[in-house]
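Asks: I would like the atomic coordinates for the input below:
(one chain, ligands or ions: 2)
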Amino acid sequence: MGLDKWVNFFMILSFFAATTPIFSDSSSFTSKFLDLAKEPHVFDWMVDIRRKIHENPEMGFEEFKTSELIRSELRKLEIPYKYPVAITGVIGYIGTGKPPFVALRADMDALLMQELGDWEHKSKVPGKMHACGHDAHVAMLLGAAKILKEHEKYIPGTVVLVFQPAEEGGGGAKKIVDVGALQNISAIFGLHVAPHIPLGEVASRSGPMGAGSSLFEARISGKGGHAAIPHHAIDPILAASNVIVSLQHLVSREADPLDSQVVTVGKIQGGGAFNVIPDSVTIGGTIRAFSKESMMQLRQRIEQVIIGQAAVQRCNATVSFLDKEKPYIPPTINNDDLHEYFQSVATSVLGVDKVKGTQPMMGSEDFSFYQEVIPGYFFLLGMVNASVEHLESAHSPYFKINEDALPYGAALHASLSARYLLKLNRDVPVVEGKYNDEL
Ligand SMILES: [Zn+2]
Ligand SMILES: [Zn+2]
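Replies: Ligands and ions are numbered 1, 2, ... in the order given. From the prediction side, this is the model:
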């Protein structure tokens, strides 16, 4: 048994042996969460954690040091956790250890890109960078954990902290779901930092928030030959050209114009000489849609069009959707009831004019895997202070976090989870034995 497992074992024992908590049917204890999150013992601590993670970015399912840092902070806070979950994931528990359960999620992975901005805590790993803000997401969830732990006796149920690996195309959320980590959880909340939204504001919507995405790759094979005698060859470059044009007709001619969809061919490889017809060409791209049905329809038609159009030019084609390496990500669909709930909590934390709506985005977010199995809500957290500086978009090599946003994320996480448990207790009194107590 490693150190982690011993600590785990001990903490879970003492956790469940804790004395009966004093339940409060009022949410008044949550009203000071934002002020608390701005206090140095929470704010400076979050900033420090975020900078450490930023300096040491790790790719999906390789977040070993990040995971170790999270576990070490949870141990210091005396918060029990499960590890490993989905390779590098960590799941912490605050509250009674009993139902109801509500979850908060932070992703942990970085991107394969070089940080080009220069600052004191820039990435120390060449070619890797936290350019999507997942370092800040981890720090904010730990901030929420610290605040909630200080108020644990008021929490009538259990807050489940999900530190998830591999959001950037690796399907980390799917792995968390597949290992059963969300069983018996009533709802899950997640956030993403947004460099275009003002600091202190949030933006979200009910229903479709982010598109589903899938990749495709096709190899179109002909017969190589001399460029000057094309009738002795079968030209896959011409076939690939027609395939790409035909693929663009799927959205423009076959999709409902009111149902947003995208087919983009972003990759084409084939040929290396001016006077040679190559044997084959590989193309690849991405598909975006806001419903599973539209996504499946596009996938089916993409395969038919590629194979059929290649055959017109006497070529063979094989199509793959790369589901093993880069799994299909469902659309992010926010639960209607949680939208109302989120708006009321966010308004009380931030103020009525700080809670905004937003258009659906064609980008995708693997938080959607959770929303496929339990009610989930995803929102954008503002961080730009326009009078100080402009912030670059996510995945830019100059991406920057405004660390002043950290207390807002931490306070929202803490308030959303604690109040949700209070609400569940008010709406449906917990009956002993009615639920399976095991997570
Ligand atoms: Zn990203
Ligand atoms: Zn992200």
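Asks: ok, now how distant is residue 368 from residue 295?
Replies: 11 Å (Cβ to Cβ, to the nearest Å). Every C-beta, even on glycine, is put in place using the N, C-alpha and C of the backbone.
Asks: and if you look at residue 352?
Replies: 37 Å.
Asks: Nearest residue to residue 147 in space, please, no chain neighbours.
Replies: In this structure, residue 147 finds its nearest non-sequential neighbour in residue 414, 4.5 Å apart by Cβ to Cβ, 6 or more residues apart in numbering.
Asks: residues in contact with that neighbour?
Replies: Taking Cβ atoms under 8 Å, 6 or more residues apart in numbering as the contact definition, residue 414 lies against 30, 33, 37, 143-144, 147-148.
Asks: Then residue 141?
Replies: Neighbour list for residue 141: 104-106, 161, 163, 410, 413 [criterion: Cβ under 8 Å, 6+ apart].
Asks: Kindly report the same for residue 343.
Replies: Contact partners of residue 343, counting by Cβ under 8 Å, 6+ apart, are residue 355.
Asks: So it, which state does it fall into?
Replies: helix (DSSP: H, G, I helix; E, B strand; the rest coil).
Asks: now swap in residue 119 and tell me
Replies: coil.
Asks: which one is it nearest to, not counting chain neighbours?
Replies: residue 400 (7.8 Å).
Asks: Same question for the helix or strand that residue 263 is a member of: list its buried residues.
Replies: According to DSSP states H and E, residue 263 maps onto strand 261-269. With burial defined by 16 or more other Cβ atoms under 10 Å, the residues of strand 261-269 counted as buried are 261, 263, 265, 268.
Asks: try stretch 313-329
Replies: 313, 315, 317, 319, 321, 326-329.
Asks: what does stretch 54-65 give?
Replies: Neighbour counts over stretch 54-65 (16+ other Cβ under 10 Å) mark 54, 56-63 as buried.
Asks: Same list (the residues you listed) but as a markdown table, adding secondary structure and distance to residue 125.
Replies: As requested, the buried residues of stretch 54-65 are arranged in a markdown table below (DSSP: H, G, I helix; E, B strand; the rest coil; distance: Cβ to Cβ, whole Å):
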| residue | secondary structure | distance to residue 125 |
| --- | --- | --- |
| 54 | helix | 10 |
| 56 | coil | 7 |
| 57 | coil | 6 |
| 58 | coil | 8 |
| 59 | coil | 10 |
| 60 | coil | 14 |
| 61 | coil | 16 |
| 62 | coil | 11 |
| 63 | coil | 12 |
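Asks: Of the residues you listed, which pair is most distant in space?
Replies: Greatest spatial distance in the buried residues of stretch 54-65: 54 and 61, 19.3 Å, computed using Cβ to Cβ.
Asks: just to revisit the earlier point, give me the PyMOL select line for the contacts of residue 414, limited to the buried ones.
Replies: Buried members of those, defined by 16+ other Cβ under 10 Å, are picked up in PyMOL with:
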select buried, resi 30+33+37+143+144+147+148
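Asks: neighbour count winner among residue 352 and residue 295?
Replies: The neighbour comparison of residue 352 against residue 295 (other Cβ atoms under 10 Å) goes to residue 295, with 22 against 9.
Asks: That one in helix, strand or coil?
Replies: Three-state call for residue 295 (three-state DSSP): helix.
Asks: The closest residue in space to it that isn't next to it in sequence: neighbouring residues, count only.
Replies: Once flanking residues are discounted, residue 295 sits nearest to residue 289: 4.4 Å by Cβ to Cβ, 6+ apart. Applying other Cβ under 10 Å, we find 28 residues neighbouring residue 289.
Asks: what residues are up against residue 289?
Replies: Contacts for residue 289 (Cβ under 8 Å, 6+ apart) come out as 211-212, 259-262, 295, 298, 331.
Asks: Any idea what it is bridged to?
Replies: Following DSSP bridges, residue 289 is listed with bridge partners residue 212, residue 261.
Asks: picking up where we left off before, what is the most widely separated pair among the contacts of residue 414?
Replies: 30 and 143 (14.3 Å).
Asks: about what we covered before: just name the closest of the contacts of residue 289 to residue 154, please.
Replies: Checking the contacts of residue 289 one by one against residue 154 (Cβ to Cβ), the nearest turns out to be residue 331, at 36.1 Å.
Asks: give me every residue that touches that closest one.
Replies: So residue 331 contacts 208, 210-212, 289-292, 295, 364, 368 (Cβ under 8 Å, 6+ apart).
Asks: Columns distance to residue 182 and pLDDT on top of these, output as a markdown table?
Replies: Listed next are those as a markdown table, based on distance: Cβ to Cβ, whole Å; pLDDT from 0 to 100:
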| residue | distance to residue 182 | pLDDT |
| --- | --- | --- |
| 208 | 21 | 96 |
| 210 | 19 | 97 |
| 211 | 23 | 97 |
| 212 | 19 | 96 |
| 289 | 25 | 97 |
| 290 | 23 | 97 |
| 291 | 22 | 94 |
| 292 | 19 | 90 |
| 295 | 22 | 95 |
| 364 | 20 | 94 |
| 368 | 13 | 97 |
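Asks: Only the buried subset of those, as a ChimeraX command please.
Replies: The command below creates a ChimeraX selection of those among the contacts of residue 331 that count as buried (16+ other Cβ under 10 Å):
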select :208,210,211,212,289,290,291,295,364,368
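Asks: can you put the contacts of residue 331 in CSV and add distance to residue 425?
Replies: Below are those laid out as CSV (distance: Cβ to Cβ, whole Å):
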residue, distance to residue 425
208, 31
210, 31
211, 36
212, 35
289, 39
290, 35
291, 35
292, 34
295, 38
364, 35
368, 28
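Asks: ok, residue 425 - how many residues close by?
Replies: Neighbours around residue 425, by other Cβ under 10 Å: 16.
Asks: Look up how far residue 275 lies from the residue lying farthest from the centre of the chain.
Replies: Distance from the C-alpha centroid of the chain, by Cα atoms, centre = their mean, peaks at residue 229 (51.9 Å). Counting by Cβ to Cβ, the gap from residue 229 to residue 275 is 10 Å.
Asks: Go through the buried residues of stretch 54-65 and say which is closest to residue 193.
Replies: Of all those, residue 54 has the smallest distance to residue 193: 12.6 Å, by Cβ to Cβ.
Asks: ok, now which ones touch residue 374?
Replies: With Cβ under 8 Å, 6+ apart, residue 374 has these contacts: 103, 182, 185-188.
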